[in-house]
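[1] what follows is a predicted protein model with its sequence.
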Amino acid sequence: MAELTVVEAVNQALSLEMSRDDRVLVFGEDVGRTGGVFRATDGLYERFGADRVIDTPLSEGVIAGAAIGLALAGWVPVAEIQFLGFAHNGFNQVVDQLARVRYRSAGSLSAQVTIRAPYGAGVRAPELHSDAFEAHFAHAPGLKVVAASTPHDIKGLLLASIRDPDPVLFLEPLRGYRQVRGEVPDGDYTVELGKARIARAGTDVTVVAWSAAVQVALQAAEDAQAQGISVEVIDLRTLVPLDVAALAESVTRTGRAVVVQEAPLTAGFGAEVVATIQEEAFFSLQAPIRRVAAPDVPYPVQLLEEAYAPNAERVLEAIVSTTRD
Amino acid sequence: MVRYLDEDGELVGGEPPMSDEMALAGYTVMLKGRRFDERSVSLQRQGRMVTLAPGIGQEAATVGAAMALDNKTDWFVPQYRELAGQLWHGYPLRRAFLWHVGHPIAFQVPEGLKMLPFQAAIAGQLPQAAGLAWGLKLKRDPGVVLAVFGDGGTSQGDFHEAMNLAGVMQAPIVFLCQNNGWAISTTIEQQTASATLAQKAVAYGFPGVQCDGNDLFAVYAVVREAAKRARAGEGPTLVEAITYRLGLHTTADDPTRYEPPEMHDQWVNRDPLLRMQRYLKARGVVDAARLEQVESDVREELRVAWDEAQNEPAPDPRQYFEHVHAEPSDRLKRQLAHVRKDGNG
């Protein structure tokens, strides 16, 4: 057991899986010699060589598309998209192609592919480096979408994703890359895809979050406790498949829910969470479900950033107001 | 432009690159593709088939390329207008009919066949083909990938990104562009300012070769050479096969709205089937009676395949839940339960 950052947990998972399974290839822009712009692949090139840790041309489309072909040739590709925002350049290859390999071939082919992509606010980067675009990908049948928040879950879920027989988009919280630290077991373990985690137990309000928004929710829960409100925080960890049972169970107990997302409000993944809660726990609800999200505007330049993404203060406001309904 | 046979089927490019026996076998599969397309268009007009894209006029380009592969090691990655070539590679005729009735089994790659399913997104298959070829190279596998697309495909980012990656990785791949003059109604002049499509390869650091796409021998020889280079570790080749879409873009298309009739007539005279017939006859490989026999054998094979296709059990709607992931999620299982309850499953 060691205390690691999120990015160190990513690195440890990749290193472990590359030594365990020699079919695993790591590739993408700048992942080789320089070890990735966030150093997620640091040391892998030296350890596993140029045939297994490969710098590719600057093209998200061909990174995602080639991953399909590499999988069909018998490799287990783990591709890095440097920032999720640029995955749109390869949207056809991810959403229309990768996600459908099994379906399009009527079950005769499959693509055991993991695409890692950091995303979200928090490192003072320009637009598209910081946007939370998870909903664009969660809407694609066939693609699993992971958005974990802690180093422990990042390592365990990345190992599970690489071993999953189907494609996984593995989203890594940019804000948490170096800020969030936590205990991580040294050896091999997996965290099951599709299972949420109770990040904090509580009785009055359920706050649902994923990726970097979990830390915001936890801070707000702490602040609410000071006002005598007991908040349960659910960390979804995986968006697709969604842990419907965990949402139903928690909200049935608390009767109140707040959903937090970094992304703009309209048609965000939070809307899916709200709809699911009302389908599963409508008769337990004592108040309308609240959403805390970014406004429906594109990601702003750095000086305006702080006012954009949801913070603990706004989440706390939503928690308090839902207890007054 | 590489050419072996002129429009009259006369040898103009030296010795034929294949035996008479092989030439007749190639002609037979070209004919099968042609009659299949004609039959399919007719069945579509009767309301018995879905919208489909015939490859009429392009049979030499796709069959010639497929003949240059070894289907035990090499991969055929199609767009959707290559059926004749796919038949040569080993795709079953019965499944081809099922493709045009909208049956999912047509997209299932038969066990052991090195082929990807039909691809609707123009050039979407190319990054995958480049990745596949790169993956074969990393495995020290002797396989070569043939990736087929059209002139319209060369305007897509996926084409350029795939060509670039293949060049960088020196991947064993042959990019076969069927330049059939039209992307639905868009002409080649509207598609590109390049003098040729083959020249686009230069920018990616590998050779581009133009050949007469209605000449089975030319396509075969050029792709065979490209595959040989790929197998020897010398990297990709772009082959531009100049051909012509004598039929429709799809059965939803009406070429009389845009195609000059004189242009069509000019290409009817360059029909790749007629060219091969003339060659085979002049060479004494076949006579009129033998050609008639080939024709009736093909028609019989098509009849049997269509009969078999019609006997294929209808797909079970539950099947589409099973092919999304290896294991359906709990949520998907609940949706499946709804389908069953509604009596659809």
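    Sure thing, it's come through. Numbering: from 1, shown residues only, chains lettered A, B, ... in the order given.
[2] give me phi/psi at the residue lying closest to B:G150 once chain neighbours are set aside?
    In space, B:G150 comes closest to B:Q178 once its chain neighbours are excluded; the distance is 5.3 Å by Cβ to Cβ, 6 or more residues apart in numbering or on different chains. Placement of C-beta: from N, CA and C, glycine included. With angles defined as degrees, to the nearest 10, B:Q178 sits at phi -90, psi 100.
[3] let's see the pLDDT reported for B:Q178.
    Looking at B:Q178, its pLDDT reads 98.
[4] next secondary structure element downstream of the lengthiest strand in chain A?
    Longest strand in chain A, counting residues (DSSP state E): strand A:257-264. Counting by DSSP states H and E, the next helix or strand C-terminal to strand A:257-264 is helix A:269-281.
[5] can you give the contact residues for whichever helix or strand comes after that following helix?
    Sequence order places strand A:290-294 as the next helix or strand after helix A:269-281, per DSSP H and E. Here strand A:290-294 makes contact (Cβ atoms under 8 Å, 6 or more residues apart in numbering or on different chains) with A:132, A:257-265, A:268, A:270-271, A:274, A:308-310, A:314-315, A:318, A:321-322.
[6] for A:L169, phi and psi?
    Main-chain dihedrals, A:L169, degrees, to the nearest 10: phi -90, psi 120.
[7] bridge partners for it, pull those for me.
    Beta-bridge partners for A:L169, by DSSP bridges, are A:I115, A:V145.
[8] tell me the contacts of it?
    A:V94, A:I115, A:A117, A:F137, A:L143, A:K144, A:V145, A:V146.
[9] adding distance to B:A193 as columns, could you present those in TSV?
    Formatted as TSV, the contacts of A:L169 follow (distance: Cβ to Cβ, whole Å):
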residue	distance to B:A193
A:V94	31
A:I115	35
A:A117	36
A:F137	36
A:L143	37
A:K144	43
A:V145	41
A:V146	45
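[10] looking at these, which is nearest A:L159?
    A:V146 (11.3 Å; Cβ to Cβ).
[11] my guess is the closest one meets A:S161, correct?
    Yes: the criterion here is Cβ atoms under 8 Å, and A:V146 meets it with A:S161 at 5.9 Å.
[12] can you list residues touching both of those two?
    A:V168, A:F170, A:L193.
[13] number of residues surrounding A:E80?
    Using other Cβ atoms under 10 Å in any protein chain shown, A:E80 has 27 neighbouring residues.
[14] how about A:R324?
    6.
[15] got it, and B:E21?
    When neighbours are counted by other Cβ under 10 Å, B:E21 comes out with 9.
[16] could you look up the SS state of it?
    State at B:E21, reduced to three classes by DSSP: H, G, I helix; E, B strand; the rest coil: helix.
[17] from the chain's centre, how far out does the helix or strand bottoming out on mean pLDDT in chain A sit?
    Lowest on mean pLDDT, DSSP states H and E among the helices and strands of chain A sits helix A:176-179, with a mean of 89. With Cα atoms, centre = their mean, to the nearest Å as the basis, helix A:176-179 stands 14 Å off its chain's centre.
[18] who does that helix touch, helix- and strand-wise?
    Using 3 or more Cβ pairs under 8 Å, 6 or more residues apart in numbering or on different chains; DSSP states H and E, the elements in contact with helix A:176-179 are strand A:2-5, helix A:6-20.
[19] export the first one as CSV, just CAs?
    Extracted as CSV, the C-alpha positions of strand A:2-5 are listed here (Å, rounded to 0.1, in the frame of the first residue of the first chain):
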residue,chain,number,x,y,z
ALA,A,2,1.3,3.4,-0.9
GLU,A,3,-0.1,6.9,-1.1
LEU,A,4,-0.4,7.9,-4.8
THR,A,5,-1.8,10.6,-6.9
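[20] each with direction, which strands does it pair with?
    Strand A:2-5 has these strand partners (DSSP bridges): strand A:181-184 (antiparallel).
[21] and the next element down the chain from the partner strand?
    strand A:197-200.
[22] just how off-centre is that following strand within its chain?
    That offset, for strand A:197-200, works out to 16 Å (Cα atoms, centre = their mean).
[23] for the closest residue to B:A53 other than its chain neighbours, give its distance to chain A.
    Of all residues not flanking B:A53 in the chain, B:T250 sits nearest, at 4.6 Å (Cβ to Cβ, 6+ apart). Relative to chain A, B:T250 is positioned 19 Å away (Cβ to the nearest Cβ, to the nearest Å).
[24] next, B:T250: secondary structure please.
    Going by three-state DSSP: B:T250 is coil.
[25] go ahead and confirm it touches B:G55.
    No: using Cβ under 8 Å, B:T250 is not in contact with B:G55; the gap is 11.3 Å.
[26] tell me what A:V233 is bridged to.
    Bridge pairing for A:V233 - DSSP bridges - gives A:R200, A:V207.
[27] tell me the phi and psi of A:V24?
    Dihedral angles (degrees, to the nearest 10) for A:V24: phi -80, psi 130.
[28] mind jotting down where the helices sit in the stretch 101-250 of chain B?
    Along the stretch 101-250 of chain B, the segments classed as helices by DSSP state H, counting those that start in this stretch run B:125-138, B:157-169, B:188-191, B:200-204, B:216-231.
[29] looking at those, which is buried most?
    By mean neighbour count, with neighbours taken as mean count of other Cβ atoms under 10 Å in any protein chain shown, helix B:125-138 ranks first of the helices of the stretch 101-250 of chain B at a mean of 29.
[30] that one vs chain A: in contact?
    Yes: contact of helix B:125-138 with chain A (Cβ under 8 Å from any Cβ of the partner chain) involves B:L126, B:P127, B:Q128, B:A129, B:A130, B:G131, B:L132, B:A133, B:W134, B:G135, B:L136, B:L138.
[31] picking up where we left off before, can you say which of the helices and strands packed on helix A:176-179 is packed in most?
    By mean neighbour count, with neighbours taken as mean count of other Cβ under 10 Å, helix A:6-20 ranks first of the helices and strands packed on helix A:176-179 at a mean of 22.
[32] now do that helix: distance to the chain's middle.
    Distance, centroid of helix A:6-20 to centroid of chain: 17 Å (Cα atoms, centre = their mean).
[33] which residues touch that helix?
    A:4, A:24, A:26, A:38-44, A:47-48, A:52, A:78, A:116, A:150-152, A:154-156, A:158-159, A:162-163, A:172-173, A:176-178, A:180, A:184, A:187-188.
[34] among those residues, name the buried ones.
    Buried members of the contacts of helix A:6-20, counted by 16 or more other Cβ atoms under 10 Å in any protein chain shown: A:4, A:24, A:26, A:38, A:40-42, A:44, A:48, A:52, A:78, A:116, A:150-152, A:154-156, A:158-159, A:162-163, A:172-173, A:176-177, A:180, A:184.
[35] and the nearest residue to A:N89 once chain neighbours are set aside, how many neighbours does it have?
    Once flanking residues are discounted, A:N89 sits nearest to A:E60: 4.3 Å by Cβ to Cβ, 6+ apart. Residue crowding around A:E60 was assessed by other Cβ under 10 Å; the count is 27.
[36] pretty sure A:E60 is touching A:F83, no?
    No: A:E60 lies out of contact with A:F83 (Cβ under 8 Å); the separation is 9.4 Å.
[37] got the CA positions of stretch A:170-189 in PDB?
    The C-alpha trace of stretch A:170-189 is given here as PDB (Å, rounded to 0.1, in the frame of the first residue of the first chain):
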ATOM      1  CA  PHE A 170     -11.600   5.700 -19.500                       C
ATOM      2  CA  LEU A 171     -12.000   9.300 -18.300                       C
ATOM      3  CA  GLU A 172      -9.400  10.600 -15.900                       C
ATOM      4  CA  PRO A 173     -10.100  13.700 -13.800                       C
ATOM      5  CA  LEU A 174      -7.600  16.400 -14.800                       C
ATOM      6  CA  ARG A 175      -8.200  18.300 -11.600                       C
ATOM      7  CA  GLY A 176      -7.500  15.200  -9.500                       C
ATOM      8  CA  TYR A 177      -4.400  14.200 -11.500                       C
ATOM      9  CA  ARG A 178      -2.000  15.600  -8.900                       C
ATOM     10  CA  GLN A 179      -4.300  17.100  -6.300                       C
ATOM     11  CA  VAL A 180      -6.100  14.000  -5.200                       C
ATOM     12  CA  ARG A 181      -4.000  11.500  -3.300                       C
ATOM     13  CA  GLY A 182      -5.000   8.200  -1.700                       C
ATOM     14  CA  GLU A 183      -4.000   4.800  -0.600                       C
ATOM     15  CA  VAL A 184      -3.500   2.300  -3.400                       C
ATOM     16  CA  PRO A 185      -2.700  -1.400  -3.000                       C
ATOM     17  CA  ASP A 186       0.600  -2.300  -4.600                       C
ATOM     18  CA  GLY A 187      -0.400  -5.400  -6.400                       C
ATOM     19  CA  ASP A 188      -3.000  -6.500  -8.900                       C
ATOM     20  CA  TYR A 189      -6.700  -5.900  -8.100                       C
END
